[in-house]
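Enquirer: Quick one: sequence plus predicted model below, questions after.
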Amino acid sequence: MKDLNEQIIGVEIKSLVSHPDDRGFFREIIRNNDPFFNNGFAQWSHSKMAKNTVKAWHFHHRQTDWWYLPIGLIDTVLIDNREESPTFGNKIVIPLGETSFSDQAQTAVVKIPPGVLHGCKVMSPEAHLFYITSQVYDPQDEGRLPYNSEKVDHFWGDAEELIVSPRDTIEHIPPYERAR
């Protein structure tokens, strides 16, 4: 077990196994009876992103996310924003994606519970993020802090080089009670 300073309670990283052969490989991602996937399935989405795209800071009060990056490399950043959590304020940076871009890359699925800030920066020429959510998209539950918020201790790089949506420059707090 890692020290509490090196983790965020509720965040899980499931390493994946690839089975290669001459045709390519087979990789199982998630099964519906996997304990890692205990919040259920509501929506599956795909986001194609260009190099230096930053998507941050997002969080939810009702929804759990599962992120998988089969193509490319992103720096995935998670910060525990739950004041009652023993790991409140802890940050995890996970290079997620293809090991051909970095020997530090993890071939994994990352489970992100409600209340955990999450964001990413594309480090490869492009990246494809596939993610499952436990709830159907609800714009009111899509909490946001600006990608460069002074409330968050993380620097994405030179703002002149970043690609950021106007939606990632606003603050929105979900009106719902946060799931625990």
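Expert: Sure thing, it's come through.
Enquirer: So, low pLDDT: which residues of the chain?
Expert: 1-5 (pLDDT under 70).
Enquirer: Would you map the strands across it?
Expert: 12-15, 18-21, 24-27, 43-50, 54-59, 65-71, 73-80, 91-97, 108-112, 116-122, 126-133, 143-144 (DSSP state E).
Enquirer: Just send these back as CSV, with distance to R178 and mean neighbour count too.
Expert: For the C-beta atoms, the positions are set from N, CA and C on the backbone; glycine is no exception. Shown next, in CSV, are those (distance: least, C-beta to C-beta, whole Å; neighbours: other C-beta atoms under 10 Å):
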stretch, distance to R178, mean neighbour count
strand 12-15, 18, 14
strand 18-21, 36, 9
strand 24-27, 33, 10
strand 43-50, 19, 12
strand 54-59, 9, 23
strand 65-71, 14, 20
strand 73-80, 12, 23
strand 91-97, 19, 20
strand 108-112, 13, 22
strand 116-122, 10, 24
strand 126-133, 16, 19
strand 143-144, 9, 20
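Enquirer: Export those to TSV and append columns for distance to E160.
Expert: Shown next, in TSV, are those (distance: least, C-beta to C-beta, whole Å):
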stretch	distance to E160
strand 12-15	32
strand 18-21	38
strand 24-27	37
strand 43-50	15
strand 54-59	12
strand 65-71	25
strand 73-80	18
strand 91-97	22
strand 108-112	29
strand 116-122	14
strand 126-133	20
strand 143-144	22
